[in-house]
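Engineer: Would you be able to build a 3D model of this:
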Amino acid sequence: MTMNPTSTTDPAGAGSAPARAGRREWTALGVLMLPLLLVSMDVSVLYFATPAISADLRPSGTQQLWIFDVYGFVLAGLLLTMGSLGDRVGRRRLLLTGAAAFGAASLLAAYANSAGTLIAARAVLGIGGATLMPSTMGLLRTMFTDPAQRAKAIGMWSGVMTGGIALGSVMSGILVEHFWWGSVFLVNLPAMALLLLLGPVLLPESKDPAPGRFDWPSVPLSLAAVLPVVYGLKEIPSEGWNPGYVVSITVGLLFAALFVRRQRTGTSPLIPPALLRRRGFTPSLVLTLVCAFGMMGSAIFTTQYLQSVLGKSPLQAALWSLLPSVLIGVAGPVSAHLVQRGVPRGHVVACGFAVSAAGYALLALVGTDSLWLVLAAAGVLACGAVMVLSQLTDLAMSAAPAERAGTASSLLETGTEFGGALGMAVLGSIGTAVYRHAMPATAPAEARETLGGALAGAARLPGRSGEALLATAREAFTSGMRGAALAGAVILVLAAVGAAATLRGTGPGRKQATEKRRTG
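Structural biologist: Numbering: from 1, shown residues only. The predicted model follows:
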């Protein structure tokens, strides 16, 4: 069987209808989903393995932080570079190279005998992940030229990405309970081996036929722009607005300005300015950032609530947190179906933001013993987010020319990283401020700072004194969560209004949708 020759060309402007994908393309999509799932899982896969790693490798405090964080930092910093590189050298080639590096780094991490080796392996995993994420979306863009099929495939892609983060922590807990901590990395090997075996057979090669010279100076500029900002934003929720983190963000923004200037004036930039002028692309980018803001801003509270307020063990909390993921698999296909039936895309995206805002509204009603309500809130919020992300991704990838699919995908994923970090910083700061205001001045200093400090302080107090402090701290944390949820709901409602206004006319009209149904 031969790959459809139109699958690597941009259908825009073609005189005939784009060819529909067949069994081969859908099988290839299934192969692409495996590395995508593992890359998203690796964000949270160390959640339960960290204590065992600490006991075995005895890392310092700084080394332990880097073991956990270096993967996400390297991933975020290299997305723009790898997306542009894939457009130039070939997305399949970069995907398979990244898969080989990801598998080798997983093996090195599993058998690391020192903290330094594990940090280095996690950094290489981040490099591999940065090649895999934009390459999978770039290949998806070229394999599915039919708009309806592409929307369905992107909905599945978004669901796998969102669900993988939740699944990573659960799998980590199960593996560590029955095997040694290195097993959380070894699970990557079969999927990467399958990709390396089937990828050359099932996946078409696609790249920009006239890419121009690669802009190497933009690579360090992009790293200097992304890493300090992401670092500062991720540290603020736990450490507060420390001057060092503010300086880090400021330095990153200065380099971002230099990066933007080079993209506007360079002869062969990593991010062509013309891409941002494509109809619907820039609104998709901005709204994707806002959606990630809402998703990660809520996650910082719900995970703590399950463990520190309801008293669930980490594994119990992770298992309970899987329940909201049930709705995720439905949200993407439903939103795609609505658009294909003629509902304006802007209305569907606005509806998704409204659904997520309703999830925040439910979160604002949570008390100190509201397991099912907090799970319902998380499920509704995630459902709305997948509706939004699947449609915005489809819009952005449809707007981008096929030869720039990798660059377009990397921009969206970088926006997601920024949005998630910003959500944790802003909403986390609101929750912390409310918590500190609600704690009485007579409470121990560490208890007035964080709920974790209150738990530690309560454990050292006798009898009812410890119980009283714990009850007060849990109520204060829940109040902070409610305050942050109200702020999140307001932001998402504003995003819904913005989506309806900026995405007007970006989806298939009713006439086109009717014709599509008539012709099958």
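
Engineer: Quick check: pLDDT value at the residue nearest the centre of the chain.
Structural biologist: By CA atoms, centre = their mean, the mean C-alpha position of the chain lies nearest to residue 416, the distance being 5.6 Å. Looking at residue 416, its pLDDT stands at 84.

Engineer: Leaving out chain neighbours, which residue sits closest to it?
Structural biologist: Excluding the flanking residues, the one nearest residue 416 by CB to CB, 6 or more residues apart in numbering is residue 292, at 4.4 Å. Using the backbone N, CA and C atoms, a C-beta is placed for each residue, glycine as well.

Engineer: Now the one you found: which helix or strand?
Structural biologist: Assessed by DSSP states H and E, residue 292 sits inside helix 281-304.

Engineer: Any buried residues in that helix, and which?
Structural biologist: 281-304 (16 or more other CB atoms under 10 Å).

Engineer: Need the CA coordinates for it. PDB is fine.
Structural biologist: Once non-C-alpha atoms are left out, helix 281-304 reads as follows in PDB (Å, rounded to 0.1, in the frame of the first residue of the first chain):
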ATOM      1  CA  PHE A 281      -3.300  31.800  14.200                       C
ATOM      2  CA  THR A 282      -2.400  34.500  16.700                       C
ATOM      3  CA  PRO A 283      -5.800  34.400  18.500                       C
ATOM      4  CA  SER A 284      -5.400  30.600  18.800                       C
ATOM      5  CA  LEU A 285      -2.000  31.100  20.300                       C
ATOM      6  CA  VAL A 286      -3.100  33.600  22.900                       C
ATOM      7  CA  LEU A 287      -6.300  31.700  23.800                       C
ATOM      8  CA  THR A 288      -4.300  28.500  24.200                       C
ATOM      9  CA  LEU A 289      -2.100  30.300  26.700                       C
ATOM     10  CA  VAL A 290      -5.200  31.400  28.700                       C
ATOM     11  CA  CYS A 291      -6.600  27.800  28.600                       C
ATOM     12  CA  ALA A 292      -3.400  26.400  30.000                       C
ATOM     13  CA  PHE A 293      -3.400  29.100  32.600                       C
ATOM     14  CA  GLY A 294      -6.800  27.800  33.800                       C
ATOM     15  CA  MET A 295      -5.900  24.100  33.700                       C
ATOM     16  CA  MET A 296      -2.600  24.300  35.600                       C
ATOM     17  CA  GLY A 297      -3.900  27.000  37.900                       C
ATOM     18  CA  SER A 298      -6.500  24.600  39.200                       C
ATOM     19  CA  ALA A 299      -4.200  21.600  39.400                       C
ATOM     20  CA  ILE A 300      -2.000  23.200  42.000                       C
ATOM     21  CA  PHE A 301      -5.000  23.400  44.400                       C
ATOM     22  CA  THR A 302      -6.800  20.100  43.700                       C
ATOM     23  CA  THR A 303      -3.800  17.900  44.200                       C
ATOM     24  CA  GLN A 304      -3.000  19.600  47.600                       C
END
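
Engineer: Could you name the helices and strands sitting against whichever helix or strand comes after it?
Structural biologist: The first helix or strand that comes after helix 281-304 along the chain, using DSSP H and E, is helix 314-321. Contacts defined by 3 or more CB pairs under 8 Å, 6 or more residues apart in numbering; DSSP states H and E place helix 314-321 against helix 147-178, helix 281-304, helix 371-399.

Engineer: For those, state which one has the densest average packing.
Structural biologist: Among these, ranked by average contacts under mean count of other CB atoms under 10 Å, first place goes to helix 371-399 (a mean of 25).

Engineer: for the chain, longest helix please?
Structural biologist: If you go by DSSP state H, the chain has its longest helix at helix 463-502.

Engineer: can you map out the helices along the stretch 101-250 of the chain?
Structural biologist: Remark: helices assigned in the stretch 101-250 of the chain by DSSP state H, counting those that start in this stretch are 115-143, 147-178, 183-186, 188-202, 218-239, 243-265.

Engineer: Any idea which of the ones you listed gets closest to residue 430?
Structural biologist: Among those, helix 218-239 comes nearest to residue 430, with 10.2 Å by CB to CB.

Engineer: Show me the one of the helices of the stretch 101-250 of the chain that comes nearest residue 32.
Structural biologist: Closest approach to residue 32 among the helices of the stretch 101-250 of the chain is made by helix 115-143 (4.7 Å; CB to CB).

Engineer: coming back round to it: could I get the helices and strands packed on helix 314-321 as JSON lines with mean pLDDT?
Structural biologist: Compiled in JSON lines, the helices and strands packed on helix 314-321 are given as follows (pLDDT from 0 to 100):
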{"stretch": "helix 147-178", "mean pLDDT": "75"}
{"stretch": "helix 281-304", "mean pLDDT": "86"}
{"stretch": "helix 371-399", "mean pLDDT": "88"}
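
Engineer: Distance to residue 464 for the ones you listed - can I get that in a markdown table?
Structural biologist: Output for these, formatted as a markdown table (distance: least, CB to CB, whole Å):
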| stretch | distance to residue 464 |
| --- | --- |
| helix 147-178 | 33 |
| helix 281-304 | 24 |
| helix 371-399 | 25 |
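
Engineer: which stretch among those helices comes nearest residue 326?
Structural biologist: Smallest distance to residue 326 across the helices and strands packed on helix 314-321 (CB to CB): 7.1 Å, for helix 371-399.

Engineer: For the closest one, name the packing helices and strands.
Structural biologist: Using 3+ CB pairs under 8 Å, 6+ apart: helix 371-399 touches helix 115-143, helix 147-178, helix 281-304, helix 314-321, helix 328-340, helix 345-363, helix 405-438, helix 463-502.

Engineer: and the angle from it to helix 147-178?
Structural biologist: 140 degrees (axes from the mean of the first three to the mean of the last three CA atoms, to 10 degrees).

Engineer: what's the angle between helix 371-399 and helix 328-340?
Structural biologist: For helix 371-399 against helix 328-340, the angle by the same axes, to 10 degrees is 40 degrees.

Engineer: tilt between helix 371-399 and helix 463-502?
Structural biologist: Using the same axes, to 10 degrees, helix 371-399 lies at 30 degrees relative to helix 463-502.

Engineer: Off-centre distance for helix 371-399?
Structural biologist: With CA atoms, centre = their mean, to the nearest Å as the basis, helix 371-399 stands 12 Å off its chain's centre.

Engineer: just stretch 116-135 next, same as before
Structural biologist: Distance of stretch 116-135 from the chain centroid (CA atoms, centre = their mean) equals 16 Å.

Engineer: Give me the buried positions along that stretch.
Structural biologist: Within stretch 116-135, the residues that count as buried by 16+ other CB under 10 Å are 118-135.

Engineer: With that, I have no additional questions.
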